[in-house]
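1. Just the structure for this:
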Amino acid sequence: MIKKSQIQRVYAMGARLGILESGNRDDMLHALVFRITQKESIRSLTESEYHEVVKALAEQIKTQNLEEPPSHPFKAKKYEESGRGMMSDGQQRKVWRLMYQLEKLDEKPSAARLGDRLCGIIRKEIHIDCIARQPFRWLTYQQGVKLIEILKKYVANAQRRKDGVRTAD
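-> Predicted structure coming up:
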C-alpha cells in the first residue's frame, strides 16, 4: 500500500497530462493504471507498481514537454527550492493578507476587485504587467520582497489616515 503523498502525486501527474476526470474511476488515468498493474484502484498499488505508474506518467509528461509536478505537491516552496527564483508561496500568502488588511482600512469601499487592485499596485510600483488571476506569475523572489515592503507602507498609511479621521470626530 502506498502513502497518501504518493497517491496525490499520481493524481497530480494525471491532472497535468489532462487524463484525470474528477470523480470518474473510468477516466484515462485509471485505464493507464489498470493497463500497467491490472488494478482498478490507485490506493491499492504496491510500491513497485507505483514506481511503474509514475515512470509511465513521467515519460508521457516528457513527451508532451510538460513540467512534472513536485513530489511533495502541498509542501510550501522556499525561494531556494523553487529553482526559478520566483515568489514563494509564503510571500504570496503574505501579499494577500496585506491586501485584505488594506481593504478593511478603506474609508470608502472600492468598486475594483482585490486582484485588480493588486495588479494596479504591481504595475505602479514594480513596473510589471499582470492579470488578476495570476498576479505573481512574473515576479521574482526579490520583487516579492519589495512588493511586501511596499504593501506594508500602504497599510501603515491607511491605518494612519483612519486613526486621524477617528480623532477628528
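
2. Let me see the mean pLDDT of the top helix by length along the chain.
-> For the chain, the helix with the greatest residue count under DSSP state H is helix 141-168. Across helix 141-168, pLDDT averages out at 87.

3. What's the separation between the residue nearest to the spatial centre of the chain and residue 154?
-> Nearest to the mean C-alpha position of the chain, counting by Cα atoms, centre = their mean, stands residue 89 at 6.8 Å. Applying Cβ to Cβ, to the nearest Å, the value for residue 89 to residue 154 is 22 Å. Where C-beta positions appear, they are placed from N, C-alpha and C, glycine not excepted.

4. mind checking which helix or strand of this structure has the lowest mean pLDDT?
-> Lowest by mean pLDDT, DSSP states H and E among the helices and strands of the chain is helix 79-82, with a mean of 43.

5. Any buried residues in the very next helix or strand once past that helix, and which?
-> Next helix or strand after helix 79-82 toward the C-terminus (DSSP states H and E): helix 89-104. Across helix 89-104, burial judged by 16 or more other Cβ atoms under 10 Å covers 91-92, 94-96, 98-99, 102.

6. what's residue 57 in contact with, if anything?
-> 10, 13-14, 17, 32 (Cβ atoms under 8 Å, 6 or more residues apart in numbering).

7. if we go to 6 Å?
-> Going by Cβ atoms under 6 Å, 6 or more residues apart in numbering, residue 57 touches residue 13.

8. Check which helix or strand it maps to.
-> Element membership for residue 57, per DSSP H and E: helix 47-63.

9. cool, residue 35 as well?
-> In the assignment (DSSP H and E), residue 35 maps to helix 28-37.

10. which intervals of this structure have sub-threshold pLDDT?
-> Within the chain, the ranges that satisfy pLDDT under 70 run 65-84, 165-169.

11. ok, now with 90
-> Within the chain, the segments meeting pLDDT under 90 span 1, 11-32, 40, 57-89, 105-115, 127-139, 161-169.

12. Leaving out the residues flanking it, which one is nearest to residue 151?
-> residue 98 (4.0 Å; Cβ to Cβ, 6 or more residues apart in numbering).

13. wait, residue 29
-> Nearest residue to residue 29, sequence neighbours excluded (Cβ to Cβ, 6+ apart): residue 14, at 3.6 Å.

14. so the one you found touches residue 24, yeah?
-> No - applying Cβ atoms under 6 Å, one finds residue 14 not in contact with residue 24, separated by 11.3 Å.
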